[in-house]
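*Asks:* Here is a sequence together with a model predicted from it:
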Amino acid sequence: MAKNMNLLETLKKYFGFDTFKGDQEAIINNLLEGNDTFVLMPTGGGKSICFQIPALAKPGIAIVVTPLISLMKDQVQNLKTRGIKALAVYSGMTYHEIDVALDNAIYGEYKFLYVSPERLRTDIFLARVAKMEVNYIVVDEAHCISQWGYDFRPDYLLIKELRNVVGDNVPFIALTATATAKVAEDIMDILGFKEKNLLRSSFERPNLAYIVRECENKLGNVVKACNAFPGSGIVYVRERKKTEEIAAFLKTQGVDADFYHAGVGKEMRSEKQDRWKRGDLRVMVATNAFGMGIDKPDGRFVCHFDFPESLESYFQ
């Protein structure tokens, strides 16, 4: 990429936008200054562009730690379709495939390497990272770091150790749509931020309408919601068994529905998510294991059958 290409030119060239949205430009400028940064931004607010533009603007490769293989594959494919060199390393790959991918990350002029947090504990990964020209360490869905968060993943605690491998001058970027003030403080401490640096975007979403209903027949109201809106939707529940029961009920009412939860096998989960993303399936009944980071232009409604665990979980 030409050195004199400014941020707006990069945005237009790779993402097709003429202007930044909301606080994106301020966040990007902050990252280009080399600051450890925590970005709290609502789903759909454009978090990915906040780290992708700075990574494209600087030499080297950005390592992106993200919790879901399906999300990882989706992000890598989106970047590739834009002409950006990106790759991923995840469970299920053979040793040879991982070996080739990590070599490409060192020598192949790639801009993004996506990995799961579990990958951070492997010797082969740490040895190869030491040879990479890393420009940023990006922690997506960063609420998984905090034990105060609703989706704690112990392997996220290993991320801080990357400072010992890539050097103390590589900025850390943590991003999430879900964090209380307590969780945000905890995340910045765990990642070893040199200075606390929380950049928060407004959670006001003028394009969304919110409806709360007190009703005796919840299932009937879910059917009405599915029939009232065009496009695809998600029905969130808190229990795995209930996802299967409600999906089965919706099918009896003529609604094209399926279920998704963490107890479903990886391949089946990936297949279900792909069907929903392609539009082959209209309604997914799921726990909060589904939907993280998915970009689907015709998503039209989200129905919470049960109260979410917290207001932050509701926003996520």
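*Replies:* That came through fine. Numbers count the residues shown, from 1 in each chain.

*Asks:* residue ranges of the strands in this protein, please?
*Replies:* Here the chain has its strands, by DSSP state E, at 37-40, 61-65, 86-89, 112-115, 134-139, 172-176, 198-200, 232-236, 257-260, 283-286, 299-304.

*Asks:* just flag whichever of these has the lowest average confidence.
*Replies:* Across the strands of the chain, strand 198-200 has the smallest mean pLDDT, namely a mean of 83.

*Asks:* Of the strands of the chain, which is nearest residue 215?
*Replies:* Residue 215 lies closest to strand 299-304 among those, at 12.0 Å (CB to CB). For the C-beta atoms, the positions are set from N, CA and C on the backbone; glycine is no exception.

*Asks:* partners of that closest one, with directions?
*Replies:* With DSSP bridges as the test, strand 299-304 is paired with strand 232-236 (parallel).

*Asks:* contact partners of the partner strand?
*Replies:* 222, 225-226, 246, 250, 257, 276, 279, 281-288, 290-291, 296, 298-306, 308 (CB atoms under 8 Å, 6 or more residues apart in numbering).

*Asks:* can you pull the buried residues of that strand?
*Replies:* 232, 233, 234, 235, 236 (16 or more other CB atoms under 10 Å).

*Asks:* For residue 268, state which of these is nearest.
*Replies:* Closest to residue 268, out of all of the buried residues of strand 232-236 and judged by CB to CB, is residue 234, at 17.6 Å.

*Asks:* what's across from that closest one in the sheet?
*Replies:* Beta-bridge partners for residue 234, by DSSP bridges, are residue 284, residue 302.

*Asks:* Quickly note the distance from it to residue 175.
*Replies:* To residue 175, residue 234 is 21 Å away according to CB to CB, to the nearest Å.

*Asks:* and residue 255, what does it touch?
*Replies:* Taking CB under 8 Å, 6+ apart, we find residue 255 in contact with 223, 226, 227, 282, 283.

*Asks:* re the thing from before, give me the buried subset of the contacts of strand 232-236.
*Replies:* So, by 16+ other CB under 10 Å, the buried ones in the contacts of strand 232-236 are 222, 225-226, 246, 250, 257, 276, 281-288, 290-291, 299, 301, 303, 305.

*Asks:* Identify all contacting residues around stretch 16-25.
*Replies:* With contact meaning CB under 8 Å, 6+ apart, stretch 16-25 is reached by 7-8, 11-12, 28, 41, 45-46, 49-50, 53, 199, 201-202.

*Asks:* Farthest-apart pair in those, please.
*Replies:* Farthest apart among the contacts of stretch 16-25 by CB to CB are 12 and 202. That separation is 24.6 Å.

*Asks:* Can I get the buried residues of strand 232-236 in JSON lines including distance to residue 143?
*Replies:* Converted to JSON lines, the buried residues of strand 232-236 look like this (distance: CB to CB, whole Å):
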{"residue": "232", "distance to residue 143": "25"}
{"residue": "233", "distance to residue 143": "24"}
{"residue": "234", "distance to residue 143": "19"}
{"residue": "235", "distance to residue 143": "22"}
{"residue": "236", "distance to residue 143": "17"}
